[in-house]
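> sequence first, then the predicted structure:
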Amino acid sequence: MLKHKLAELINKQISDKCQIGVQVSIYQDDNEILSESYGTSDNTNKLSNDNLFLSFSVTKGIFALLIHILVDKNYLNYDDYICKFWPQFAKNGKDKITLRQILSHQAGLHRMPFPFEEKHLLDEMFMLNYIENMIPANTNTAYCSITFSWIIIGLLKGIFNDITPKQLFQKFIIDEFEIHNDVFIGLPDDQSIISRAVEININIPKSNESSETYKAAPWELWQFYNDPRVKHLFLPACNGYFTAKALAKIYGALANNGIYHYKQLISPNCINEMKKCQTNAFDDVIGIPIRKSMGFFLDLGYINNSFGHAGIGGSIAFADPSRGLGIAILINKMNFDYNNDPIKDICNLITNHIDKLGNIP
């Protein structure tokens, strides 16, 4: 059975010190197939399916889904100029930047202020003003590691006067998918929720200050993810706390053509846009060519035709439409050895099992 094979593989990864704790969840269409936890949350306490993982840019995929839903509901279009809703955004040559370019990281707006200061994470108004005054970098594609948060917040604030971006996320994602206790962008001020968040040992490799990687996400900022002030911030680029089960449920619906519990939550046309490659160019921030659609990375989990998002260090969540699967794998030991990627082995085990036997169990 797949459950036994996964346990054997992941427990070996833990004994080999490749992992500390791992959550895995698989949905087929909108049916839960498997949700299991392995290892510990902090080298001591046994991990459970209720634990929440800070999953960094996995957040972008889930928030991009909100944007697609808003397009589906005719609040905006993919080729709308951002300044149509946010006039101040037009400054310094940004008047022709579209939503499509933002979602596929082709607008050259990836650079954070330099040198890094606390307010660059903590002060939303400062960062919205910074985005308004940015001059786009000359690049084909450069991943907006952190700035994605305020670009999207500024856009949504310009469209909606009576509902905040956080409330939109609650209404169209959390409420619709019934994941009220399992998905948070910024932890609430509730100790019963905070206590479920696992410890993440943040050990991001240092990058050269002249690199676009550093300019997009200065090394100094990462330490602040353990700062209680940052843990509670609504940052759609990077500050999501999730259970694997909730993420797999969402992506299972996307793999099922947008249907969840017999309800069409998003149209097949929008699903097709999620899967459509916008660029496969070398990414100046990530440092390799990446196939991107609008809001998602393609062929994620080493699986052809999949779409979803990974977070720095290894956590991953995606839809595999060819098999009807939503898969989420969340980890608390960050990995940067891409030649020995434990996530790849987990994904291969799942898909090989299904392809061989034609079923999940």
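It's in.

> what about the chain, any weak spots by pLDDT?
358-361 (pLDDT under 70).

> which residue, other than its chain neighbours, is closest to P268?
N257 (5.3 Å; Cβ to Cβ, 6 or more residues apart in numbering). Using the backbone N, CA and C atoms, a C-beta is placed for each residue, glycine as well.

> which residues touch that neighbour?
By Cβ atoms under 8 Å, 6 or more residues apart in numbering, N257 lies in contact with 268, 271, 321.

> hang on, F242 packs against I316?
No. Contact criterion Cβ atoms under 8 Å: F242 and I316 do not qualify, at 11.4 Å.

> where do the contact lists of the two overlap?
Common neighbours of F242 and I316, using Cβ under 8 Å, 6+ apart, are 58, 328.

> next, count neighbours for A248.
Look at A248: counted by other Cβ atoms under 10 Å, it has 30 neighbours.

> ditto for the one 4 residues further on
Residues lying near G252 (other Cβ under 10 Å) number 28.

> need the three-state assignment for it.
Secondary structure, DSSP: H, G, I helix; E, B strand; the rest coil: G252 is helix.

> how about the strands in the protein?
Here the chain has its strands, by DSSP state E, at 21-28, 31-39, 53-54, 183-185, 240-242, 259-260, 263-264, 297-298, 307-310, 316-320, 325-331.

> of all these, which one is nearest E8?
Evaluated over the strands of the chain, closeness to E8 peaks at strand 31-39, with 10.4 Å, by Cβ to Cβ.

> ok, M125 to K119 distance?
Distance, M125 to K119, by Cβ to Cβ, to the nearest Å: 10 Å.

> quick one: which of those two has more around it?
Applying other Cβ under 10 Å to M125 and K119 shows that K119 carries more neighbours, namely 13 against 9.

> which residues sit in contact with Y75?
By Cβ under 8 Å, 6+ apart, the residues touching Y75 are 159-160.

> for the protein, what spans make up the helices?
Listed in chain order, the helices of the chain (DSSP state H) span residues 2-15, 58-72, 99-103, 119-122, 124-133, 148-159, 165-169, 175-177, 191-194, 212-216, 228-231, 244-255, 268-275, 342-357.

> mean neighbour count, those: which tops it?
Across those, averaging neighbours per residue (mean count of other Cβ atoms under 10 Å) puts helix 244-255 on top, at a mean of 28.

> got the angle for it vs strand 316-320?
Angle between the axes of helix 244-255 and strand 316-320 is 30 degrees (criterion: axes from the mean of the first three to the mean of the last three Cα atoms, to 10 degrees).

> what angle sits between helix 244-255 and helix 58-72?
Orientation of helix 244-255 against helix 58-72 (the same axes, to 10 degrees) gives an angle of 40 degrees.

> what helices and strands are in contact with helix 244-255?
Applying 3 or more Cβ pairs under 8 Å, 6 or more residues apart in numbering; DSSP states H and E, one finds that helix 244-255 makes contact with strand 21-28, strand 31-39, helix 58-72, helix 175-177, strand 259-260, strand 316-320, strand 325-331.

> what bridges to the nearest residue to N11 once chain neighbours are set aside?
Distances taken as Cβ to Cβ, 6+ apart put Y38 closest to N11, at 6.1 Å, once the chain neighbours are dropped. Applying DSSP bridges to Y38 gives these bridge partners: V22.

> count of residues packed around Y38?
Neighbour tally, Y38, other Cβ under 10 Å: 20.

> hmm, it is touching N49, no?
No. Y38 is not in contact with N49 according to Cβ under 8 Å; the separation is 10.7 Å.

> want to throw the helices of the chain into TSV with distance to P289?
Formatted as TSV, the helices of the chain follow (distance: least, Cβ to Cβ, whole Å):
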stretch	distance to P289
helix 2-15	28
helix 58-72	19
helix 99-103	18
helix 119-122	29
helix 124-133	27
helix 148-159	20
helix 165-169	31
helix 175-177	32
helix 191-194	39
helix 212-216	14
helix 228-231	31
helix 244-255	24
helix 268-275	18
helix 342-357	18
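
> show me what contacts the nearest residue to F63 once chain neighbours are set aside?
Closest residue to F63 apart from its sequence neighbours, by Cβ to Cβ, 6+ apart: P236 at 4.0 Å. If a contact means Cβ under 8 Å, 6+ apart, then P236 has 59-60, 63, 148-149, 152-153, 165, 169, 185 as its contacts.

> looking at those, spot the one nearest I288.
For the contacts of P236, the nearest to I288 is K60 (17.6 Å; Cβ to Cβ).

> no further questions, thank you.
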